[in-house]
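Q: Pasting a predicted model and its sequence here:
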Amino acid sequence: MGTSWSAQIVDPPARSESAIEAVLARVIDQMSNWEADSTISRFNRMAVGAWMPLPADMLTVLRAGLDMARLSGGAFDPAIGQLVDRWGFGPGLGPTAASVTALWTRIEVEGDRARRRADVALDFSGIAKGFAVDAAAAQLRAMGVANFLIEIGGELRGEGIKPDIQPWWVDVESPPDLAVPTLRIALCGQCVATSGDYRRFRLEDGARLSHSIDPATGAPIAPGVASVTVLHDSAMRADAWATAITVMGADRGMALATRHDLAARLVQRTGDGAQEYMTPALAAMLE
């Protein structure tokens, strides 16, 4: 996944670390575009129209991704792999001639199988990391662990409490180059995911190109949104919502988050610093 993970576990059973690593290896084996033999890479090489059985985890993420595409009006699109490649943020192993219109509608799922109805490529970079957090948490719970905090690349899930009977307090990640008030939250059966323009970008002719691709234009989003944080009971959903809101921008994105009663914060870059926006659901949690 190109990132690190950590876990704080109260009374960890034996083999906790290896159990988490096995979960992460499974996710990578199924959903990494950087692994030529992963399930997603093989799916993207299948002939257009050919059905392929998919393992349960990948089916879960694919179905959630398609659902998020519907909810966000296509701002989140799990089939933008060719666009990601086109702008230099993917492995660059396949064609990059994708059309720009509702790519996710070219993916069809039936039972435990799926197919591409056009030459598009799946890319789960905006949702798989969150799923991995949920999957690792589920593994710990299956091992009888009740109290833990797990983090993968800045996406977190907290369960239970710390040994001092305190909740898992975390400071939400903020853009490192902006003066933004610290947002401290307690994670107890909750997840938090943050999407930021400072994480992955590249410079082209002096311009800073974000890794967040707008499916409506087929290009990196315009500069402006510095970060989006979403709290949710699913890290997978929080991850995808943060991506969608980032793509939509402050006005449309926060309006969508408010309609869906999401606890979300957006930090917008301004000429003289930053502007912070919060949804009513997040503001209520902080009262």
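A: Arrived safely, thanks for sending.
Q: Look up the closest residue to Gly130, ignoring the ones flanking it.
A: Asp239 (2.9 Å; Cβ to Cβ, 6 or more residues apart in numbering). Heads up, the C-betas are built off the backbone N, CA and C, glycines and all.
Q: and what of Lys162?
A: That would be Trp168: by Cβ to Cβ, 6+ apart, it lies 6.4 Å from Lys162.
Q: That neighbour pairs with what?
A: Leu187 (DSSP bridges).
Q: need the contact list for it.
A: 8, 149, 158, 161-162, 186-188 (Cβ atoms under 8 Å, 6 or more residues apart in numbering).
Q: Buried ones among those?
A: Using 16 or more other Cβ atoms under 10 Å as the burial test, those include 149, 158, 187 as buried.
Q: Buried residues in stretch 172-180, which are they?
A: Per 16+ other Cβ under 10 Å, stretch 172-180 contains these buried residues: 172-175, 178, 180.
Q: I'd like these as JSON lines, with distance to Arg86 and pLDDT appended.
A: JSON lines is the format used below for these (distance: Cβ to Cβ, whole Å; pLDDT from 0 to 100):
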{"residue": "Val172", "distance to Arg86": "32", "pLDDT": "89"}
{"residue": "Glu173", "distance to Arg86": "28", "pLDDT": "83"}
{"residue": "Ser174", "distance to Arg86": "30", "pLDDT": "83"}
{"residue": "Pro175", "distance to Arg86": "26", "pLDDT": "83"}
{"residue": "Leu178", "distance to Arg86": "29", "pLDDT": "85"}
{"residue": "Val180", "distance to Arg86": "32", "pLDDT": "87"}
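Q: May I ask you to confirm that Ala179 belongs to a helix?
A: No - counting by DSSP: H, G, I helix; E, B strand; the rest coil, Ala179 falls outside a helix, being coil.
Q: Kindly state the beta-bridge partners for the closest residue in space to it that isn't next to it in sequence.
A: Closest residue in space to Ala179, ignoring its immediate chain neighbours: Gly273 at 6.2 Å, by Cβ to Cβ, 6+ apart. Bridge pairing for Gly273 (DSSP bridges) gives the partners Thr270.
Q: count of neighbours near Gly273?
A: 10 (other Cβ atoms under 10 Å).
Q: next one: Met52
A: 15.
Q: got it, and Ala274?
A: Count around Ala274 with other Cβ under 10 Å applied: 17.
Q: Arg259 too?
A: Residues near Arg259, counting by other Cβ under 10 Å: 10.
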